[in-house]
Structure formats: structure tokens, C-alpha cells
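A.B. asks: Could you look at this predicted model? Sequence included:
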There are 2 protein chains.
Amino acid sequence: MSNPPGRIRDVAKETGLSIATISRVMNGSKNVSPQTRQRVLEACERLDYLPNPAARALSTAKSRTVAAIIPTIEHSVFAKFISGIENTLSAQDYSLVMAISNGDPEEELAAARKLLGMGAEGFILSGAAHSPALLDLLERRRVPFALTSVWDAKSTHPTIGYDNSALAAEAVDYLSSLGHRRIVVIHGPLSNSDRTLARREGAQSRHSGGTKMTFIETDLSVTGGRKAISDVLAKDDRPTAVLCFSDVLALGVYFGLAEAGLRIPEDMSVMGFDNLDWAKETHPALTTINLPAAQIGRAVAAQFIDHLENGAPLRSTHLEAAIVQRASVKDIRGSDAG
Amino acid sequence: MSNPPGRIRDVAKETGLSIATISRVMNGSKNVSPQTRQRVLEACERLDYLPNPAARALSTAKSRTVAAIIPTIEHSVFAKFISGIENTLSAQDYSLVMAISNGDPEEELAAARKLLGMGAEGFILSGAAHSPALLDLLERRRVPFALTSVWDAKSTHPTIGYDNSALAAEAVDYLSSLGHRRIVVIHGPLSNSDRTLARREGAQSRHSGGTKMTFIETDLSVTGGRKAISDVLAKDDRPTAVLCFSDVLALGVYFGLAEAGLRIPEDMSVMGFDNLDWAKETHPALTTINLPAAQIGRAVAAQFIDHLENGAPLRSTHLEAAIVQRASVKDIRGSDAG
DNA sequence: ACCGCCCATGTAACCGGTTACATGGGCGGT
DNA sequence: ACCGCCCATGTAACCGGTTACATGGGCGGT
């Protein structure tokens, strides 16, 4: 029957009403009599009518599309983040268009142009560092954007996330409080990851007194973590604890230590960052920092909807992240006081 | 200057040309003189002009939007798959809209309606089993779709992926060939996952002769794998090999065996399915089946583009998946011939 | 020198919605 | 009984592109 998808004029014809009334029903306008509404709804059902989103977007000048650019989707933290965004957006009939930047500001800029060309009317960016050309582009076009997975009260742009620097400092404090004085920090590439940089700076801020801290940069992967720990083991001065700025790296450390015949936490303590699903299942269970990735996704998406529908300003929002104490860090106070 | 985003009529005014010519330049039509083209391009640059995608979609009746529905994005295999789709699509200025069904056909149907309402003109579905209402909906609206991560020559719909049943059978054959006669198969929920079901049936098809096979259904997570293996260890009749229908489950088995003080593969062999990034880094390195997730994503996206642009039919495509032999499976021929 | 064709460009209709404004029927208040 | 207001509904312009068809200038062939 309706070979080309039903159009609003078909529904009007079917019901004997005008297209304006059909449109009012579809948009939940109040000035429609209940009988008419009912009649229209039935006709829509019969004709399988779905309003054409392009036509709607054109006449309302609203695309109901939000863009997100993430460095990678293969890291679970970002997958959860995207999933949180997607859920919240689609519940309000918004679409998400996303792009993957591989952490490269130039790729990010190119992706943003594409997404703009797809009608995105809001941008969810990851991290605090971006090409000035990108920020300029968005500002010139008056497209709102937010920086996520970071929280920085001093930023001139809205930031929604946690305080990477403070969390890393907290992790070091935690290890110190349990008597660890020789700590190796393993982290992913600093280039193009301001979040990693912030964590490193936070850790470094605790680099005082009797604590010796060494930083190792490696690939952000299980492989990277494993490589890093084998380098550590090759040297003489072994740390008592390894702090990884991602659970993925910690998993590599687990395998590296297992291969070397070292036990966690008896021979070496290991702490992660992320609290991925499996972190509680490792052997021993991984002590880590719980990052609320899905929650950030939901929060930022909700803010965008509120902004686009009601003009509510985007607000910087600090989400809590806390240490989850499990079994991979040992209290070595007294036993090894040096 | 251009507070509202530049429109095609602004560019026309700026260059003294008509909107038709501007449109021709933007679409790469051949009948435009080089000087004019140049002049238009410069004006577009100056005015920061990007064609309004809604207007374009409305007048061409093409949204350049493809939908993908996946059961979850938190499993790396799907994250890679989506990433493959997204890359290929965006290179041709198509957008991806995606939804997560949690493996529930009703949620999938609801999501599909939303995505249709967002203008999707092609659907990438996961697995072979879907609500009849969904298939009916898509067929009635003449929206093309493909079933992915499965390959079934007998399906009436295009399937793009690997043969889950054959791969599982191959895995069992491989274990048998190394002397394993008591095999436990650990898999995720059968309900709503025809892919898991196909694998189970494939394995079962080898349930002949002297091989004893036991199937355990659990959550598709590290936790699930760990729970399953601890149930196995609690019983008397221990298997010589554990085949997991996901690397994630295998990781749980690794931790469960480590906790029980059992060594892999000396005390028990473990085999996975997926070949996730970290599989080569576990200790011992995991023998598994390499599923070409990103490749499927790229292949299906490329087919959709070709279909939507040139009318090329969607073709069922069989992608190779092969066993990756690493160190987690032991050859026990001779040592334990019973 | 002139005719005709081709190519670059323009005109205007159209895609399918939304919404400001117009219209008119019915009901309440006097 | 009549007036006026309100509410349900309709008319038509508009959003910003694309494209079929129209137009006219210049060049090549005779």
C-alpha cells in the first residue's frame, strides 16, 4: 500500500484533516480535541507513518543530534562512556554521532568538521587539550561543547568528570600510607593525552620526602603494561608497589609478574585506575580507582538535552571517583620500613 | 559576520552566482567552469559554509545514515566492530547511528523504530535471530538490512561474518586432536544469542565417540567464567580442557585456576574465542580463535555504501576466522590416553 | 558571415515537515 | 436572543538545499 514511506499529507488525506493538525498531534500540541488525536494516531498506525526527520530538522532548525569524539572505543572506559551517552540521548529521541580521533588533535578537528556537516548541534569532547582551531570552529559557529572525563574548576569551558590530578595524588598517598616508599608509576602515552599528563603531575606532586617515584611511559594496552613491568624487573632497585594509570596496564603487570614467578601482593603490590568490570575478578582482586565512565556519559548527555531544549547552561560538574580497596596492595608498614 | 551559519544563498550573493551553481560546486558536478568553481570554493571558505544536511537529505531523499544495533558495546569484539563500521562510513560522509539492544529482541525492535525515525536508510543487525516484527518492519519500509557476525549460506537475508557453528566444531576437533577427551565448554547465555547457540550446536556435533563434553552456561563476563570454572573444580570428574566461547570467559577461567593453584596448560588446557587484544599477553598466552570483528564492520559498511550509492545488492560474505595456537593448550596424547 | 550546438549558468519547483496567522462554530453571560 | 470569546482546525509561507528545464553566449564548420 504505502510503498514510499507514508507522508504527513497521506495521513491528512486518510483522516480528512489538514497537515497542520497531524503535525500538532505528532508533536503533542495541546490544542487538539481528544477524538481527533485518537483518529490521527490510528491513521498513523495504519499508514505506518513516521515523520521525516530531515523535514522536521529543516523547519525547526534543530537536528536533535549530538556529537561525541573519543580517542578510542576499544578501551572499556570509553565504551561505557559512549554507552551512557547513547542511552540518555536516545531516550529523548536524540541521536549520537561519534568519531574516533586516535588521540590526535588534527584527526579530531577533521572529524569535528564532518560531524558538523552531519548536523551535530552539540559536541562532547574527551579530555582538556584540543586543537585551538577546533575550539575556534565551534565557538564561531556557536556550537556548544563540553570537555569530559576531566574536571577543572579553572577551565573556561564546561568540564564534566573527575579530577585526574587529585585522584593520582590520592592513589600515591594511599600507597604511602601503607608503607610504600619505592613506587613505579606505569602510564600510557603522554603525547595527546592531557588526562594522563594530569595524573602524572598529580602523582608527582607527592614526590616528596622519603618516597621514590619512577615513571614509565608505555602503550596503553595489556602488552604495554607487561613490557613495562618486565623492564622494571630487569633492574636492581625493585619497587614495592606499581601504580598503573589504567587497569589494562595493571593486567599486563599481573601477567608479567606471574611469568616472573612473583606473587601479588606478597612480592609486589599493584594498583590500577578505571575499575573495569573484571577488576574485581582478577587473582588477586585488583585495588583500583573507580571511574564513573557511564555516569559521566549520562550526565553530559542530560546536560546537552537540557541545554538544547531549555537553554540551560552547560555546567562544570565534578563526579566522585574513589579508591576501591581489594587485595592487590599489601600493607608493608613495619615489615619493610626502609 | 555569519552569525547564523552561512547558507547557500549567502554564498550565491557573495559570488554573484545563483544557488544552483553553488550547489553544483558543492556536489562536484562537472558542468562548472574552473574559475567559477575556484571562486565559489573561496567564498565557502570565507563564509564558513557547510551545506545543511537536513535540507540536502530532504531534497535528495537520502539521509546518508546507517544504523547498527549491537547487543552490547562493552564487549571488545563489538567495540571493534562498531569502530570498523564507523571508520568506513565516515570516510564516505555517512553517519552511523547505533543502539544497544542488550540482546533483547523487543528492545531491538524499539531501538529500530527510533533509528528509523532518525532517518536510517540501512540496518546492520547482529546475529541471525530477530523479532519477526523487526524484519517485517524493515521489509515493509524497504529498508535494506544485513545480519552480521554470522554467516549462513542458507539464510534468505544477507549474512556477513563467520560460521559460528563450524568454528566451534573446529575448536573441538583441535582439542581432540591433541588428545583431549574430557572437555568442558563454557559459554554465555543462550537465550537471545543465536551466535552462542550456533557455537554450542557446532561443538555438540562433535560429541561422538570417546569424547565427553559438558556445557556450562554462565554470564558473559570474567566473573561468569570464574564462577563456571569453580563449579567445574568442585566436581570430581575434571576435564583436561576448557573451551570458552569468549576470551572474556577464558580470562575468568585463568583467574579461577590461579586461585585454585592449578597451572595452565600443565594441569588444565584453556582455549578461548575472539582473540581480543590482550589474549596474546596472558600468562600463558591464550590459544583462541581470531574473529575478524573490525573487518566485518568494514565489510558490511562498504557494502551498504555501495548498495545505497549504486544499488549493488548486499551479498552474504564469509570471512575467515582461524585458530591462533599459543600456549594455553597442551598436547596430552600418550600421557593421558584414557 | 552565418547557423547551430554545446556548455555554463539561472529560474523555479520541489522535498516534507512546522507554525504564525486566519477562520469559524459553539457556548456562556447578559 | 444575541454578542463575543475561545478553542479546534485550516491555509500558506517557510526552512535550505537539489535538479529539471530554460536560456543565451561563444565557437566551429561551412
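C.D. replies: That came through fine. Computed from a predicted model, the values in this text were never measured in an experiment.
A.B. asks: check contacts around the closest residue to DNA strand C within the stretch 151-300 of chain A.
C.D. replies: Per C-beta to the nearest atom of the strand, the residue of the stretch 151-300 of chain A with the smallest distance to DNA strand C is A:Val300, at 25.7 Å. Any C-beta I mention is one placed from the backbone N, CA and C, and that applies to glycine too. For A:Val300, the contacting residues are A:Ile85, A:Ile124, A:Ala146, A:Thr148, A:Ile160, by C-beta atoms under 8 Å, 6 or more residues apart in numbering or on different chains.
A.B. asks: Of the residues you listed, which belong to helices?
C.D. replies: For the contacts of A:Val300, the ones inside helices are A:Ile85, with DSSP state H as the criterion.
A.B. asks: So which of the contacts of A:Val300 wins on neighbours?
C.D. replies: Using other C-beta atoms under 10 Å in any protein chain shown as the neighbour definition, the contacts of A:Val300 reach their maximum at A:Ile124, which records 29 neighbours.
A.B. asks: So which of the contacts of A:Val300 is the closest to chain B?
C.D. replies: For chain B, the closest of those turns out to be A:Ile85, at 10.8 Å, with distances computed as C-beta to the nearest C-beta.
A.B. asks: Quick check: the closest residue to that closest one other than its chain neighbours vs A:Cys44, distance?
C.D. replies: In this structure, A:Ile85 finds its nearest non-sequential neighbour in A:Gly297, 4.1 Å apart by C-beta to C-beta, 6 or more residues apart in numbering or on different chains. Computed as C-beta to C-beta, to the nearest Å, the A:Gly297 to A:Cys44 distance reads 33 Å.
A.B. asks: who has more neighbours, the two?
C.D. replies: Using other C-beta under 10 Å as the criterion, A:Gly297 and A:Cys44 rank with A:Gly297 on top: 28 against 21.
A.B. asks: OK, contacts around the more buried one?
C.D. replies: When contacts are counted by C-beta under 8 Å, 6+ apart, A:Gly297 touches A:Lys80, A:Phe81, A:Ile82, A:Ser83, A:Gly84, A:Ile85, A:Glu86, A:Asn87, A:Thr88, A:Thr148.
A.B. asks: ok so it is a helix residue?
C.D. replies: Yes - when DSSP: H, G, I helix; E, B strand; the rest coil is applied, A:Gly297 is found to be in a helix.
A.B. asks: Report pLDDT for it.
C.D. replies: In the prediction, the pLDDT value recorded for A:Gly297 is 98.
A.B. asks: do A:Ile332 as well
C.D. replies: According to the model's per-residue confidence, A:Ile332 sits at a pLDDT of 96.
A.B. asks: What of A:Phe81?
C.D. replies: Looking at A:Phe81, its pLDDT stands at 97.
A.B. asks: Name the residues of stretch A:152-163 that are buried.
C.D. replies: Within stretch A:152-163, the residues that qualify as buried by neighbour count (16 or more other C-beta atoms under 10 Å in any protein chain shown) are A:Asp152, A:His157, A:Pro158, A:Thr159, A:Ile160, A:Gly161, A:Tyr162, A:Asp163.
A.B. asks: Can you show me the CA trace of the helix or strand harbouring A:Gln35 as CSV?
C.D. replies: Under the criterion DSSP states H and E, the helix or strand holding A:Gln35 is helix A:34-47. Presented in CSV, the C-alpha positions along helix A:34-47 are these (Å, rounded to 0.1, in the frame of the first residue of the first chain):
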residue,chain,number,x,y,z
PRO,A,34,-9.1,14.1,22.1
GLN,A,35,-11.3,12.4,19.4
THR,A,36,-9.2,14.0,16.6
ARG,A,37,-6.0,13.0,18.3
GLN,A,38,-7.2,9.4,18.6
ARG,A,39,-8.3,9.3,14.9
VAL,A,40,-4.9,10.7,13.8
LEU,A,41,-3.0,8.2,15.9
GLU,A,42,-4.9,5.3,14.4
ALA,A,43,-4.3,6.6,10.9
CYS,A,44,-0.6,6.9,11.6
GLU,A,45,-0.5,3.4,12.9
ARG,A,46,-2.4,2.2,9.8
LEU,A,47,-0.2,4.0,7.4
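A.B. asks: From the contact counts, what lies against it?
C.D. replies: Taking 3 or more C-beta pairs under 8 Å, 6 or more residues apart in numbering or on different chains; DSSP states H and E as contact, the helices and strands that helix A:34-47 lies on are helix A:8-15, helix A:19-26.
A.B. asks: hang on, the earlier thing: just put the buried residues of stretch A:152-163 in TSV and tack on distance to A:Leu220 and pLDDT.
C.D. replies: Formatted as TSV, the entries for those read as follows, by distance: C-beta to C-beta, whole Å; pLDDT from 0 to 100:
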residue	distance to A:Leu220	pLDDT
A:Asp152	22	94
A:His157	25	97
A:Pro158	26	98
A:Thr159	22	98
A:Ile160	22	98
A:Gly161	18	98
A:Tyr162	18	98
A:Asp163	20	97
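A.B. asks: now, among these, which is nearest to A:Glu106?
C.D. replies: A:His157 (19.9 Å; C-beta to C-beta).
A.B. asks: In contact with the closest one, which residues?
C.D. replies: When contacts are taken as C-beta under 8 Å, 6+ apart, A:His157 is in contact with A:Leu135, A:Phe145, A:Ala146, A:Leu147.
A.B. asks: So which of these wins on neighbours?
C.D. replies: For the contacts of A:His157, neighbours were counted using other C-beta under 10 Å, and A:Leu147 has the most, 26 neighbours in all.
A.B. asks: Helix, strand or coil: sort out A:Phe304 for me.
C.D. replies: Look at A:Phe304: counting by three-state DSSP, its state is helix.
A.B. asks: Please name the nearest non-neighbouring residue to it.
C.D. replies: Nearest residue to A:Phe304, sequence neighbours excluded (C-beta to C-beta, 6+ apart): A:Gly122, at 4.6 Å.
A.B. asks: Next: A:Gln204.
C.D. replies: Nearest-residue entry for A:Gln204: A:Met213, 7.2 Å, with adjacent residues in sequence omitted and distances by C-beta to C-beta, 6+ apart.
A.B. asks: Kindly report the residues of chain A close to DNA strand D.
C.D. replies: Of all the residues in chain A, those in contact range of DNA strand D (C-beta under 7 Å from any atom of the strand) are A:16-21, A:24, A:30-33, A:35-36, A:55, A:58-59, A:61.
A.B. asks: returning to what we had before: pLDDT at the residue of the stretch 151-300 of chain A closest to DNA strand C, what is it?
C.D. replies: Per-residue pLDDT puts A:Val300 at 98.
A.B. asks: Redo the helices and strands packed on helix A:34-47 as a markdown table? Include mean neighbour count and distance to A:Leu197.
C.D. replies: Formatted as a markdown table, the entries for these read as follows, by neighbours: other C-beta atoms under 10 Å in any protein chain shown; distance: least, C-beta to C-beta, whole Å:
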| stretch | mean neighbour count | distance to A:Leu197 |
| --- | --- | --- |
| helix A:8-15 | 18 | 53 |
| helix A:19-26 | 18 | 49 |
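A.B. asks: Reformat these as a markdown table; add distance to B:Asp48.
C.D. replies: Below are the helices and strands packed on helix A:34-47 laid out as a markdown table (distance: least, C-beta to C-beta, whole Å):
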| stretch | distance to B:Asp48 |
| --- | --- |
| helix A:8-15 | 33 |
| helix A:19-26 | 32 |
